[in-house]
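> Quick check, what structure comes out for this input:
(one chain, ligands or ions: 3)
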Amino acid sequence: MWRRVASLSPLISSSKPSSLCSAGYGLKIWVSFSTEAPAPLADGADSQEKTPFITFVLGGPGSGKGTQGVKIAETFGFTHLSAGELLRKEMLSTSEYGAMIHDKMRKGKIVPSEVTVKLLQREMESSNNHKFLIDGFPRTEENRMFFLLMQVGTEPNLVLFFDCPEEEMIKRVLNRNQGRVDDRIDIVKKRLKIFQALTLPVIEYYSKIGKLHTINAVGTVDEIFEKVYPIFESCEAIK
Ligand SMILES: Nc1ncnc2c1ncn2[C@@H]1O[C@H](COP(=O)(O)OP(=O)(O)OP(=O)(O)O)[C@@H](O)[C@H]1O
Ligand SMILES: O=c1ccn([C@@H]2O[C@H](COP(=O)(O)O)[C@@H](O)[C@H]2O)c(=O)[nH]1
Ligand SMILES: [Mg+2]
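Ligands and ions are numbered 1, 2, ... in the order given. Down below sits the predicted model:
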């Protein structure tokens, strides 16, 4: 298990436009297999330190984030974290948040940032991997800021946006048959509205800072993966 021992200060204020596949922003992770607190190092460095590589995958409901996320993770060695899946798992556990998560989800609403970020952080901190593909998060500007400031302290290296027409997303969600409480036409319409009002501004932010890759999400799963593949293949920082 790696342990996060990080300082946030140098990470937040970069005003330079970044490349579309940027290396880390300086959050260092000190790899430790001990349960003890890491001993301070004389020179402040550690030969085992790793910088996390974070990819956010965004898109409307049914745009294919989860489907492509699995393929990207398998092909390029990422740990795939679906924020929605983590919330669903938490909802079914005995967690104190279970009832609240259920209530938000069945209405298509957004769960408070501190809950979602806590779940993501728990997964990241218990992973041996340093490459994370986070699907379906951040949903809102507040989510984005919370992740940046409170928890992981870094901007993502890459952001993918699966751009899909609404009719296609609705068709896919209604055919999904996974028993999700929110896969109903009335709720899908609400989720689409929330996507437009709250998530599109996040996507625009990543476009402005030069991190966004927009993928036309119409076509077969393999056709879409063919468009995604070169983005990661050409990214030296993940090798
Ligand atoms: N390119 C595609 N063509 C047709 N169906 C697809 C395609 N990609 C995914 N699907 C199917 O559409 C449904 C929704 O896909 P997926 O779960 O990956 O979307 P999502 O973006 O994760 O949605 P949500 O935000 O609701 O979790 C699934 O049943 C999936 O098998
Ligand atoms: O960051 C997040 C991610 C998800 N939610 C809630 O979960 C559902 C389903 O999410 P999917 O990514 O579509 O699986 C979503 O409608 C929200 O209710 C969230 O609040 N925050
Ligand atoms: Mg999904």
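> mind checking the SS state of residue 95?
coil (DSSP: H, G, I helix; E, B strand; the rest coil).
> wait, what's in contact with it?
residue 101 (C-beta atoms under 8 Å, 6 or more residues apart in numbering). Any C-beta I mention is one placed from the backbone N, CA and C, and that applies to glycine too.
> Then residue 119?
Each residue near residue 119 by C-beta under 8 Å, 6+ apart is listed here: 83, 86-87, 90.
> Closest one to ligand 1 out of the residues you listed, please.
Top of the list for closeness to ligand 1, among the contacts of residue 119 and by C-beta to the nearest ligand atom, is residue 83 at 9.3 Å.
> The closest one: how many residues sit nearby?
Neighbouring residues of residue 83 were enumerated by other C-beta atoms under 10 Å; the total is 23.
> Could you report the distance from the nearest residue to it once chain neighbours are set aside to ligand 1?
Distance criterion C-beta to C-beta, 6 or more residues apart in numbering; nearest residue to residue 83, sequence neighbours excluded, is residue 137 at 3.7 Å. When distance is defined by C-beta to the nearest ligand atom, to the nearest Å, residue 137 is 11 Å away from ligand 1.
> Now residue 55. Its backbone dihedrals?
According to degrees, to the nearest 10, the main-chain angles of residue 55 amount to phi -120, psi 130.
> Am I right that it is in contact with residue 155?
No. Counting by C-beta atoms under 8 Å, no contact exists between residue 55 and residue 155, whose distance comes to 11.5 Å.
> Neighbour count for these two, which is higher?
Between residue 55 and residue 155, residue 55 has the larger neighbour count (other C-beta under 10 Å), namely 27 against 22.
> Tell me how many other residues surround the closest residue to residue 60 other than its chain neighbours.
Nearest in space to residue 60, with sequence neighbours left out and distances taken as C-beta to C-beta, 6+ apart, is residue 195 at 4.5 Å. A count of neighbours around residue 195, defined by other C-beta under 10 Å, yields 20.
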